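J.: show me the folded form of this:
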Amino acid sequence: MSATIMKRLIFAILAASIAQSAPLAADQATSTSALVPSAAVGMRLIFRDEFDAPLDPTKWYFGPKPDGGQWGGAHFVGRDEPQFSDVYRVHDGVLRIRAHHDLNYRDPENWGWKEPGPKNPMPNDQAWKPGRTWYSGQLSLAFPDGHATAAVRKGYFEVRAKLPSTPGAWSAPLWLLNVPSIKEQKSSVEIDIEAYGAFPTHWNPSIHNWGPGGDPHAFLTGDLTVGDITTDYHTYGIQITETEVVWYFDDKEVFRRPLYRAADPTLGKFFAIVDLAISYDWPVHIPPSGYIDLLIDRISVYSAD
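T.: Numbering: from 1, shown residues only. Take a look at the predicted model:
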């Protein structure tokens with residue numbers, strides 16, 4: 001039985017009549033089944049993509065963050081760039097995001113990077129070179145005009161993913177931004193799940209306050225040891241309550257912190273982002289293949305609003 005058929009059978013109880021990756025009607029999606037993540041019981045399923053069909057550009061925004069920002073050691077490829085089909089691929093019910101290394105690649109931003117060497121293993125000791133030689137992918141459930149496919153102030157986000165183990169890989173299988181930050185970056189609250197290929201038994205939950213009004217950056221973070229997360233698929237979840245953020249791993253709570261600006265009426269709702277970046281915080285290993293893969297099996301958004 002193919003992976004696609006198996007997933008359709010598993011989730012048929014939840015949404016048999018709902019179109020793939022479409023927002024769900026409130027009267028169809030109240031989550032009571034035992035198959036629903038424990039953090040989402042009683043919430044409404046408002047979005048799910050199981051990647052059984054081609055990526056829908058009316059649901060997903062590709063490339064930079066919706067505010068236009070690029071970051072990290074790889075350029076994030078947009079929908080109209082020639083490398084798009086090399087980076088984003090859906091096959092047999094899985095989204096593959098592939099980071100490519102190419103010494104001849106022309107970095108659109110021409111950002112600098114630091115070349116590792118045997119005597120200079122750390123970034124501050126590396127030789128500065130212009131132009132990144134990696135390109136990769138990032139997808140958002142919101143768009144530059146400020147509209148979001150699925151966004152919640154209170155709810156639960158979950159992704160099932162298999163992360164890469166290559167040193168230098170900087171995976172964010174799930175992270176969140178508040179919708180108002182698309183138009184005003186200094187209003188941003190960021191909630192992360194990220195992992196580094198150099199440390200395959202760890203992942204990091206964190207929350208950042210980048211504003212408002214230019215206030216100093218504040219953040220809270222953790223370092224979780226959970227066993228090797230690069231050899232198989234695992235689920236990663238983020239629950240936002242009225243006042244807190246709770247992180248989940250394989251449907252178990254693993255970390256909890258206060259939500260920045262919880263009482264601020266301008267905080268707005270949160271939307272999901274998925275990406276595979278490159279980090280030059282340590283030497284980056286270039287595989288013989290020249291690429292690194294992040295695999296996403298599904299992503300779901302539940303609302304408690």
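J.: beta-bridge partners for the residue nearest to K65 when sequence neighbours are not counted, please?
T.: Nearest non-adjacent residue to K65, counting by CB to CB, 6 or more residues apart in numbering: S140, 6.6 Å away. C-beta coordinates here come from the backbone N, C-alpha and C atoms, glycine included. For S140, the beta-bridge partners are Y61, I273 (DSSP bridges).
J.: can you name the residues that contact S140?
T.: Going by CB atoms under 8 Å, 6 or more residues apart in numbering, S140 touches 60-61, 65-66, 271-273.
J.: which one of the residues you listed is nearest V246?
T.: Checking the contacts of S140 against V246 by CB to CB gives A272 as the nearest, at 15.8 Å.
J.: which residue packs closest to Y196, ignoring adjacent ones?
T.: Nearest non-adjacent residue to Y196, counting by CB to CB, 6+ apart: W170, 5.9 Å away.
J.: show me the beta-bridge partners of F255.
T.: On the basis of DSSP bridges, F255 is bridged to W247.
J.: was I right to think it contacts P205?
T.: Yes. F255 lies in contact with P205 (CB atoms under 8 Å); the separation is 4.4 Å.
J.: mutual contacts of the two, please.
T.: Common neighbours of F255 and P205 (CB under 8 Å, 6+ apart) are 222, 224, 247.
J.: list only buried entries from those residues.
T.: With burial judged by 16 or more other CB atoms under 10 Å, the buried subset of the shared contacts of F255 and P205 is 224, 247.
J.: just the shared contacts of F255 and P205 now: which is nearest Y156?
T.: W247 (10.8 Å).
J.: contacting residues for the closest one?
T.: Shown in contact with W247 (CB under 8 Å, 6+ apart): 193, 205, 222, 236-239, 253-256.
J.: who does the helix or strand where the residue nearest to Y196 lies touch, helix- and strand-wise?
T.: Using DSSP states H and E, W170 sits within strand 169-178. Applying 3 or more CB pairs under 8 Å, 6 or more residues apart in numbering; DSSP states H and E, one finds that strand 169-178 makes contact with strand 155-162, strand 189-196, strand 234-240, strand 270-278, strand 291-303.
J.: the ones you listed: which one's closest to S85?
T.: With CB to CB, the closest approach to S85 among those belongs to strand 291-303: 13.5 Å.
J.: avg pLDDT for stretch 187-202?
T.: Averaging pLDDT along stretch 187-202 gives 95.
J.: mind listing what's buried in stretch 191-211?
T.: 191-200, 202-211.
J.: sheet-wise, list the partners of the strand holding W170 with their directions.
T.: Using DSSP bridges, strand 169-178 pairs in its sheet with strand 189-196 (antiparallel), strand 270-278 (antiparallel).
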